[in-house]
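Q: model this:
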Amino acid sequence: MVEDKRGANVYIVFRFAAGILILYLAYCGLLFLFQRQILFPRYQIETPSGMGGNIPGLEKMWLLTSFGRVEAWFLPPAPDQETVASPAVIFAHGNAELIDFWPQELEHFTSLGIGLLLVEYPGYGRSDGTPSQKSVTEALLAAYDTLSARKGVDASRIVLFGRSLGGGAVCALAEKRPAAAIILMSAFTSVKPLASKFLAPGFLVKDPFDSLATIKSYTGPVLVMHGRHDTIIPYKHGVSLYRAARRGEMITYDCHHNDCPPSWVTFWQDVESFLHNAGIVGDKEKI
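A: Purely as a prediction, here's the structure:
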């Protein structure tokens, strides 16, 4: 009788565990199917109208890819800073942003004598396609090739700058094209470790954006900027990227993820110093 009761208890525990496992596998299956909607929440972003129209010199362009047209905005160096061939920055934004949000925040690059190219992601804003690591990389490759061939741009001084998801995007680009320097703000080492937030194994990730592997092999200067209190992409990701860089610099801000940087004045001082030390721009006294 006792053995029958024990057997019944074991059976109940087994069925309970099997039920939990089935639910977990179903949960992981749903995550696998819908992970790109989570990683690229493009439908949750309202596309503004008329943005960028009040920025002097801003040029709107369309990049041709295998999946259609991708929008990009170019800001040339300020007229008093233009040279025969100027450096340029390619900027990739976060996953819940658009290029529309960034011209005014990043316009200061132009006063440093640097051109700025803002590249939209496939399926975001007014751009064609659907976002994935492959399509995002293709869009950035088209942007890079267009920029490097542009008259007045020094192709040997193209800097890649990515924020959040954009850090993974520019690192994927750096695997295929040379970069004079890389700037990573609030960036991850890879998407795979972030899967643990959803209690899912990393091998289910379709778009890993393995930035850490890129930074390990990259020989140029790298600036890592990260908020100490970031809970979306934890601070340890920034530290790992910095430690992996052969010529790395780490700047820690007292902020979270979406309020990084906490001071744009400090941000520009840090960026100017880095670009000066990297040989991208001249002496700060001349800027």
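
Q: CA atoms for contacts and neighbours, from now on please.
A: OK.

Q: low pLDDT regions in the chain?
A: Low-confidence segments of the chain, defined by pLDDT under 70: 1-7, 50-53, 80-83, 283-287.

Q: at which residues are the helices of it located?
A: Assignment of helices within the chain using DSSP state H yields the ranges 2-39, 103-106, 108-111, 133-148, 165-174, 211-217, 235-244, 264-277.

Q: tell me which of those helices is the most buried.
A: helix 165-174 (a mean of 26; mean count of other CA atoms under 10 Å).

Q: for that one, packing partners?
A: strand 86-92, helix 133-148, strand 153-163, strand 181-185, helix 211-217 (3 or more CA pairs under 8 Å, 6 or more residues apart in numbering; DSSP states H and E).

Q: what do you get if the cut-off is 7 Å, keeping everything else the same?
A: strand 86-92, helix 133-148, strand 153-163, helix 211-217 (3 or more CA pairs under 7 Å, 6 or more residues apart in numbering; DSSP states H and E).

Q: the last one packs against which elements?
A: Think helix 211-217. helix 165-174, helix 235-244.

Q: coming back round to it: reformat the helices and strands packed on helix 165-174 as CSV; add distance to residue 172.
A: What follows is those, written out as CSV (distance: least, CA to CA, whole Å):
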stretch, distance to residue 172
strand 86-92, 11
helix 133-148, 6
strand 153-163, 11
helix 211-217, 7
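
Q: which of these sits closest to residue 29?
A: helix 133-148 (20.1 Å; CA to CA).

Q: relative to strand 153-163, how tilted is that closest one?
A: 150 degrees (axes from the mean of the first three to the mean of the last three CA atoms, to 10 degrees).

Q: could I get helix 133-148 in PDB with only the CA atoms?
A: In PDB, the C-alpha atoms belonging to helix 133-148 read as follows (Å, rounded to 0.1, in the frame of the first residue of the first chain):
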ATOM      1  CA  GLN A 133      21.100  41.000 -39.000                       C
ATOM      2  CA  LYS A 134      21.600  40.200 -42.700                       C
ATOM      3  CA  SER A 135      19.400  43.000 -44.000                       C
ATOM      4  CA  VAL A 136      20.700  45.600 -41.500                       C
ATOM      5  CA  THR A 137      24.300  44.700 -42.500                       C
ATOM      6  CA  GLU A 138      23.400  45.000 -46.200                       C
ATOM      7  CA  ALA A 139      21.900  48.400 -45.600                       C
ATOM      8  CA  LEU A 140      25.000  49.600 -43.800                       C
ATOM      9  CA  LEU A 141      27.300  48.200 -46.400                       C
ATOM     10  CA  ALA A 142      25.400  50.200 -49.100                       C
ATOM     11  CA  ALA A 143      25.700  53.200 -46.900                       C
ATOM     12  CA  TYR A 144      29.400  52.700 -46.300                       C
ATOM     13  CA  ASP A 145      30.200  52.200 -50.000                       C
ATOM     14  CA  THR A 146      28.100  55.300 -51.000                       C
ATOM     15  CA  LEU A 147      29.900  57.400 -48.400                       C
ATOM     16  CA  SER A 148      33.400  56.200 -49.100                       C
END
